[in-house]
Structures are given as structure tokens and as C-alpha cells.
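Asker: Below is the structure, and that's it, no one-letter string:
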């Protein structure tokens, strides 16, 4: 997942090295340097997987020797680098332990003022992500180390680093969530479409907290499954209001999403912060490795509204359960913008990889004919498009599409690329619409 780093010295002692971080003051080529803020590029990866220890001011506090915090950045070629930290000893001199691959460095942090403290020399043997692990020493009498940045310097010709550079646009938050990836399906354009059908399988081990595996996306909403916590998973179906706002309380009465029906144990409410509208969810213990099917109907009611209804089921059981049915006012449309996406909504879990397989994708037109979707166009959000994070990809694998993000793997997909999956014409949906709940 991360770049391979060779061991040159087993343990390097870098004691009392509070130095200016300029490593090549002379010679024909000047060393390039980068400042990697921990606020947007670090995660707690041991003892608690997430973001504890990252302070509101954007610094990292190290005191418990059991805690490991990892900083990630990407190199575009093999490189030799020197690394340092911008740090201070908050409670007296302390020792910082740094690991990069097999290399281990021990650095004394002695100054109470924020200063650059040299760690040592590392090597990346190929292009890809580099992981730098930081932790306090195991001596019980040492104090807290506060770190604001990882500093990188290299003489490698033409080297470029990618990471979350600033908090402009709240990018430390979005960068720690990681890139969201999407596939937009090719569908017939010469006839109105009423139903979207797809099957989703999350591979075992690819379902960390914060994952949203969205199966049926359409022009006005989305439908999929989430991992909300260690003990809670949900099926989620949402429809945006035609009124543009991030605050659902601002929506006028005549533009609010109205619930028409919901299935057993389904909770219905509203949502905001990314547009606003009606939301329904079912707490349901879905499992990685199991294939689930999703059906969404988009139907105008001929009175200036559109009705959106979604059903969910385990494919092996051949049953359906109603999630919800919503009425969207001031809307007269059939199915548009059929797509899927994969995102992480937890900024504490953006360092953990996730993947989803989307197969047997179909649409059904208003005359009752099914049309298979075997081609899809790949895209990524601004986090990936702006090169803040490059751990994203997608493609086709046999008769399925797939999406993958987060985890700081080295492969990067190409937005705009179109993929073709193998046909599943012998597995077209067999649904008795008259008996749907």
C-alpha cells in the first residue's frame, strides 16, 4: 500500500538536532522542500484508529507511547528524502520515535518553542504513498510533544509531492475523509425510464466505519448502504428538495419532501448540509460478502410532482422490503442521471481502504422493457480532482463494475474514463411489481 523503504541503518540517534531545515545550501541544484500539515494528512493508526490527538489548532499531541499517528504523502517517482518535524516539547525534553518502513529514528525534542527538528534520511523505491509513523518514547517521565508539520526535503530531480497542502475550502476535513468516486451509467435516451435496478457486493474486509456504498443514484437523490459504527449499519434512501439550501428548516412548505409510505422499522426524517430534503433509513445488519439488490422507481404523478420509491433485498432470499416512498413537489420527471458512488463520511477513517462491486445493472422503461447497463463513466470529487488525495480508482472486473477509495494505495484512476463490463443478459431482473410491498 505504501512505498517500499529500504533500511540503511537499523536505529539512528538524532539527539538535540533542532536545526534550520535547509539541507543543500550549495551546489548546482537546490533542494526542494515541502511542508506537510498534520491537520490534513495524519491519522491515529494504533491504539485508537481515527483522529484523537489532533487538536483544534491543527497540531498533533504525542504523550501516550501506545499511540501511533501516521502522516501520509505521495511521491511521483523513486526518491531520497530527508524528513523533519515542526515541533516543540510542551512539558520538557521528550523523545520522538519515527518509523518509515524498516527505518527507525529516535529524535530528542528539547525546545519549548516550535522549531524544525531533523529526523533523518529515507528512501522511496517507487512512486506512491509514503507513510511516516510518529509516537512518543516509552519513558514514563517524558512530557508531551506537539507537532504541527512534517517537513520533507529532497535533491531528487523533478520530484513532486501530493498531499493536502492547506485548509482552504475546509480541505483538511475533506482531505481526511478522502476522495469520493462515482460511475455514471449509460442508459437509453430515446425513451422515458421508470425503474433503476442494481446489485451491490462489498468484499469482506472492505467495509470500515464511515463507508457509504451508494447503489442507485438519480438526479434528485440516492439509495445505498452505510457503516455507521462498530455495531450499526443502515440502508439509506434520500430525496433532495427542489428548494436549494443546506438548512432543511428553510424549505417552504410547498417545496418540502412528503413521505407517502415507509417499510417496517424504517425511520423517516430530514437531512441538510449537502442540500436538504427527506431521508429514510433502516438499521439493518447487512454483511460484507453478501450480494444485495436495489430497486428505485421514479414516476411523475401528472400533478406537477414526482414519486420516488425504493426497495431493498438480499438477492439470495429473493424477497423485497419497502424502504420508503416520497413525493417531490414542483418536479415532473422520470429516471435521470443513474449512477453509483463510494464515499467515506468519517474524517477519522480516511486512511482505511474500501471497495465495492456493482453488478447486474439495469433500467426499465415505461413500456416495461428492461435495458442492461454495461458501460459507465468514472469520475472523482474535488478532493481527488485537486490532487489532495490520489488513492482512488474504478473499473470493470468481469461482469461487475468496481469502485475503490482511501487507504493510501498507490494506484490512481483516470477521471473521464469509460468502462465496459461483461453482459449479464441471462440474469435480468424478475420482479412481480404487483406484489412489491
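Answerer: Yep, it's here. Here the structure is a predicted model, which is why all the values come from computation and not from measurement.
Asker: need the contact list for the closest residue to residue 192 other than its chain neighbours.
Answerer: Counting by CB to CB, 6 or more residues apart in numbering, the nearest residue to residue 192 once its immediate chain neighbours are dropped is residue 334, at 4.1 Å. Backbone N, C-alpha and C define where each C-beta goes, glycine included. Taking CB atoms under 8 Å, 6 or more residues apart in numbering, we find residue 334 in contact with 192, 193, 194, 298, 299, 300, 366.
Asker: try it again with 6 Å
Answerer: Taking CB atoms under 6 Å, 6 or more residues apart in numbering, we find residue 334 in contact with 192, 193, 194, 298.
Asker: again with residue 373
Answerer: Residue 373 makes contact with 185, 361, according to CB under 6 Å, 6+ apart.
Asker: pLDDT wise, what is it at?
Answerer: pLDDT for residue 373: 99.
Asker: Would you list the phi and psi of it?
Answerer: Phi and psi for residue 373, reported as degrees, to the nearest 10, are phi -110, psi 100.
Asker: Run through the helices of the stretch 101-250 of the chain in chain order.
Answerer: Along the stretch 101-250 of the chain, the stretches classed as helices by DSSP state H, counting those that start in this stretch are 171-177.
Asker: Any stretches of it with poor pLDDT?
Answerer: Scanning the stretch 101-250 of the chain with the threshold set as pLDDT under 70 gives 140-141.
Asker: Strands of that one, start to end?
Answerer: 103-109, 115-124, 128-136, 145-154, 161-162, 181-185, 193-201, 211-218, 221-229, 232-240 (DSSP state E, counting those that start in this stretch).
Asker: Domains in the chain, by residue range?
Answerer: For the chain, the structural domains run 11-163, 178-435, going by automatic domain parsing.
Asker: most surrounded residue in the contacts of residue 334?
Answerer: In terms of neighbours by other CB atoms under 10 Å, those top out with residue 298 at 27 neighbours.
Asker: For it, which residues are in contact?
Answerer: Each residue near residue 298 by CB under 6 Å, 6+ apart is listed here: 308, 334, 335.
Asker: what are the ranges of the strands in the stretch 301-437 of the chain?
Answerer: So, for the stretch 301-437 of the chain - with DSSP E, counting those that start in this stretch - the strands run 306-314, 321-328, 339-344, 354-365, 370-372, 375-380, 392-397, 400-405, 418-420.
Asker: Which residue lies closest in space to residue 143, excluding its sequence neighbours?
Answerer: Nearest to residue 143 is residue 91, by CB to CB, 6+ apart, at 2.6 Å.
Asker: Which pLDDT does the model give the residue nearest to residue 192?
Answerer: 98.
Asker: picking that back up, the residue nearest to residue 143 touches residue 142, doesn't it?
Answerer: No: here residue 91 lies out of contact with residue 142, judged by CB atoms under 6 Å, at a distance of 8.1 Å.
Asker: Tell me which of those two has more neighbours.
Answerer: Using other CB under 10 Å as the criterion, residue 91 and residue 142 rank with residue 142 on top: 21 against 12.
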